[in-house]
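Visitor: Generate coordinates for the sequence data below:
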Amino acid sequence: MAFGSHVYNLLFDYNQKNLLEGDNRDQLSLSSSSSSPSASAVSKEIHMSFVSAATPFKPSGKNDHSFSDLEAVRIQATCISKAHSAGDRKIMTVDPNITSYASLYLLLKKAFSLEQDFDIVYQLPRNAKSDRPDVFLSLTSDWDLDAAFHTATRPFLQLKVQPFEKDVIDGWDIVQPIHTPQVKDIKSRQAHIPLAVTLKYDITKTIGKVFDVFATEKPSLFTNTEWMAFFDATGRMSSMKDLKNSIFLKNLEPDVRADAWPHLLGVFPVDLTFEERTRFLFMKTQVYKHLKENWMAKNPREIKGLTHMIQKDVLRTDRTHPFFNVKEDHPNLVSLFNILITFAFNNPDISYCQGMSDLVAPLLVVLNDEILAYLCFCKVMERLKNNFLLKGTALMEKFTQLSELLKKADKPLHDHIQTLDGGHFYFCYRMLLLELKREFPFEDAIHVMESIWSSTPHHTEDEDCEMSFYEELLQNHLNHGNTSIDESIKFSGLPPPKDLNDGSPFPLFLCLAIFILNREHLLQLDEYTMLAMHFDKLSRKLDATHVKEKAKSLFFKYLKDSIEENRASSLLKECLENTHGTSSTAAQC
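Guide: Coordinates of the predicted model:
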């Protein structure tokens, strides 16, 4: 669940300069100890050598997220199981420059003599004066391990290991409708995916075929014929508002996406003809080439840190998708790299953060055009840039807003999460940072992205026009939608849409829907670590149709309440302004 380590540095008041330094090693060192005196007296050290699953990564520069100054990390791991006492711990020393998730997994398995598969979580550090509860995040990939090394190594990297119970497999409520292709060249893949997970996937593939018969009716498709109807003979769009309203209620037909996405994201001004858009795109192409030349003309040493960090993430992004399941020098991966480094180099206030590659990947797959994908990514980042800023205040605000929504929608569930010390909602970090891109299989994630993009009005500073968009969106649903509005919930007293989630409220309701759809399981959890791990296990397994249907039901109820409050407020304001008018006007108020 970890992406931008610099965000964690801020959220938890952690200074990366205090990362532990140690001896340079070419091997992993492991020592076993216990809290009891007798056990510590007979502690022993074991040495193991592993081949790294990733190329050593040593960027230079003051702001680089590298381990070049961090030659050794001490790890204190505790195994949580009936076979291991609470005081039984393992102390290890690893080289972060060569240690992969797979090698750490095997090391822990050997250290605790585990035969079954297990989950790993790491503890985020806190100041001695801080009174917040301990926060643990799941460690499930090389990305998570990078973040753990960057943020949580003072004075130890604290890990908890929890073996799977042999006869227990989680419930069958999550169905992955898309069969993920096998990828033979992903390093350490077998060590990365536990047996219980692969077994569950095999079972759910079969059961999914049965569940499909009873599945929620999928939205109808927005066809190419409907798309063309929004343009006149010159190619000028008739109404962006009506277009978004239509797309929000449906899923775009795959053949329409490449044309529709740049419009949805606001790449083209809405009043351009076809010929004007062609000239506009040509001009933007020249600008992009110039921006690329800016970093390509630099001495490679000057941007070594940035290029290494991006290249590392490019090689990990959506590798199970055929578009990215290619050789390292394939044009698809080169385009992904070019987009990310061009954006980072020309936007130094944001630069590059882990997770951005996840946002670019669907754009490249659908558009299959580096320049157009870059333009679309810039528009995505206009709305999401606050998520990646060092201050971190935007994400903190979104955590708070999500908490308030859950409190309105399901107070018992909200209070239960509070009792688990999850009231800060840090476990939703990945959801909010990437707007749920990783919560669904790739094709489902594309449908969710289109819903998010079509749920907000075109950029405008006119508050009345903004509310008019949401009024028409609600009315269009009442006239043509097939999702019922949940009238049992009252969303009164919440901020208006322009103030929720940086002006894009629908992602919060997608998160809220996931909470409510998982309600029964969440109420059974009795500690924060299990809460965080549960949400990590949902990654790429949720059914977009179910989640979107529930989210729209909640979202439309929120819009209904917000519009009513806005009208009441406007009426009251009008009355107050007229109190100095005629007595009859004042009396009417």
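Visitor: Okay, helices next: where are they in the stretch 301-450 of the chain?
Guide: For the stretch 301-450 of the chain, the helices defined by DSSP state H, counting those that start in this stretch cover 304-314, 331-346, 356-367, 370-388, 393-409, 411-419, 429-433, 442-454.
Visitor: Kindly state which of these is positioned closest to V161.
Guide: helix 429-433 (21.5 Å; Cβ to Cβ). Where you see a C-beta, it was placed from the backbone N, CA and C, and this is true even at glycine.
Visitor: Which elements pack onto the closest one?
Guide: Applying 3 or more Cβ pairs under 8 Å, 6 or more residues apart in numbering; DSSP states H and E, one finds that helix 429-433 makes contact with helix 370-388, helix 393-409, helix 506-517.
Visitor: can you rerun that using 7 Å?
Guide: The contact analysis (3 or more Cβ pairs under 7 Å, 6 or more residues apart in numbering; DSSP states H and E) places helix 429-433 against helix 393-409.
Visitor: can you state the direction angle for the helix it packs on and helix 506-517?
Guide: The directions of helix 393-409 and helix 506-517 differ by 50 degrees, with axes from the mean of the first three to the mean of the last three Cα atoms, to 10 degrees as the criterion.
Visitor: What average pLDDT does helix 393-409 get?
Guide: On average, the pLDDT along helix 393-409 is 95.
Visitor: what's next to that helix, contact-wise?
Guide: Defining contact as Cβ atoms under 7 Å, 6 or more residues apart in numbering, one finds that helix 393-409 is touched by 7, 11, 386-387, 413-414, 423-426, 428, 432-433, 489-491, 494, 500-502, 508, 511-512, 515-516, 554.
Visitor: What of stretch 329-341?
Guide: 292, 295, 306-307, 310-311, 314, 317, 323-324, 326, 352, 356-357, 360-361, 364, 370, 373-374, 377.
Visitor: residues near Y426, how many?
Guide: Neighbourhood size, Y426 [other Cβ atoms under 10 Å]: 21.
Visitor: Please report how far it lies from H521.
Guide: In this view, Y426 and H521 are 19 Å apart by Cβ to Cβ, to the nearest Å.
Visitor: same deal with H534?
Guide: Taking Cβ to Cβ, one finds H534 at 7 Å from H521.
Visitor: between those two, which one's more packed in?
Guide: Neighbours per residue (other Cβ under 10 Å) separate H534 from H521, with H534 holding more: 17 against 12.
Visitor: Could you verify that the more buried one is part of a strand?
Guide: No: assessed with DSSP: H, G, I helix; E, B strand; the rest coil, H534 is helix; it does not lie in a strand.
Visitor: Now do the contacts for it.
Guide: H534 neighbours (Cβ under 7 Å, 6+ apart): H521, L525.
Visitor: and it, what pLDDT?
Guide: H534 carries a pLDDT value of 88.
Visitor: how close does it sit to Q418?
Guide: Using Cβ to Cβ, H534 is found at 16 Å from Q418.
Visitor: Okay, now the unreliable bits of the stretch 401-550 of the chain?
Guide: Where the stretch 401-550 of the chain drops to pLDDT under 70, the residues are 460-462.
Visitor: Next, count neighbours for N325.
Guide: As a burial measure, N325 scores 17 neighbours (other Cβ under 10 Å).
Visitor: That one is in contact with D318, isn't it?
Guide: No: using Cβ atoms under 7 Å, N325 is not in contact with D318, being 8.6 Å away.
Visitor: Mind checking which of the contacts of helix 393-409 are buried?
Guide: Buried by 16 or more other Cβ atoms under 10 Å: 7, 11, 386-387, 413-414, 423-426, 428, 432-433, 489, 491, 494, 500-502, 508, 511-512, 515-516, 554, out of the contacts of helix 393-409.
Visitor: Whatever helix or strand L554 lives in to helix 442-454, inter-axis angle?
Guide: Taking DSSP states H and E as the definition, L554 sits inside helix 544-577. Angle, helix 544-577 to helix 442-454, by the same axes, to 10 degrees: 10 degrees.
Visitor: Name the residues of helix 544-577 that come out as buried.
Guide: 544-563, 566.
Visitor: Stretch 396-413 now?
Guide: Neighbour-count burial for stretch 396-413, counted by 16+ other Cβ under 10 Å, picks out 396, 398-399, 401-406, 408-410, 413.
Visitor: quick one: it to chain centroid distance?
Guide: With Cα atoms, centre = their mean, to the nearest Å as the basis, stretch 396-413 stands 18 Å off its chain's centre.
Visitor: how about that stretch as CSV, C-alpha atoms only?
Guide: Extracted in CSV, the C-alpha atoms of stretch 396-413 (Å, rounded to 0.1, in the frame of the first residue of the first chain):
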residue,chain,number,x,y,z
MET,A,396,-4.9,14.1,5.2
GLU,A,397,-8.0,16.1,4.3
LYS,A,398,-9.3,13.3,2.1
PHE,A,399,-8.8,10.8,4.9
THR,A,400,-10.9,13.1,7.1
GLN,A,401,-13.6,13.5,4.5
LEU,A,402,-13.9,9.8,3.9
SER,A,403,-14.2,9.3,7.7
GLU,A,404,-17.1,11.8,7.8
LEU,A,405,-18.8,10.1,4.9
LEU,A,406,-18.6,6.7,6.6
LYS,A,407,-19.9,8.2,9.8
LYS,A,408,-23.0,9.5,8.0
ALA,A,409,-23.6,6.3,6.0
ASP,A,410,-22.8,3.7,8.6
LYS,A,411,-22.0,5.0,12.1
PRO,A,412,-21.6,1.5,13.7
LEU,A,413,-19.0,0.5,11.1
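Visitor: give me every residue that touches L114.
Guide: Counting by Cβ under 7 Å, 6+ apart, L114 has contacts P163.
Visitor: please redo it, this time with the cut-off set to 8 Å
Guide: By Cβ atoms under 8 Å, 6 or more residues apart in numbering, L114 lies in contact with C79, L108, V161, P163.
Visitor: between these, which is nearest Y288?
Guide: Using Cβ to Cβ, the contacts of L114 come closest to Y288 at L108, 45.5 Å.
Visitor: Just the element for the closest one, please.
Guide: Per DSSP H and E: helix 101-111 holds L108.
Visitor: which stretches of the stretch 151-300 of the chain form strands?
Guide: Assigned by DSSP state E, counting those that start in this stretch, the stretch 151-300 of the chain shows strands spanning 157-163, 221-222, 251-252.
Visitor: Any chance of the ones you listed in CSV with mean neighbour count and distance to F440 as columns?
Guide: Compiled in CSV, the strands of the stretch 151-300 of the chain are given as follows (neighbours: other Cβ atoms under 10 Å; distance: least, Cβ to Cβ, whole Å):
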stretch, mean neighbour count, distance to F440
strand 157-163, 21, 26
strand 221-222, 18, 18
strand 251-252, 24, 13
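Visitor: Out of these, flag the one nearest D242.
Guide: strand 221-222 (12.0 Å).
Visitor: Show me what that closest one is packed up against.
Guide: Checking 3+ Cβ pairs under 8 Å, 6+ apart, strand 221-222 ends up next to strand 251-252.
Visitor: which other residues reach the strand it packs on?
Guide: Residues outside strand 251-252 that contact it (Cβ under 8 Å, 6+ apart): K218, P219, S220, L221, F222, A260, H447, E450.
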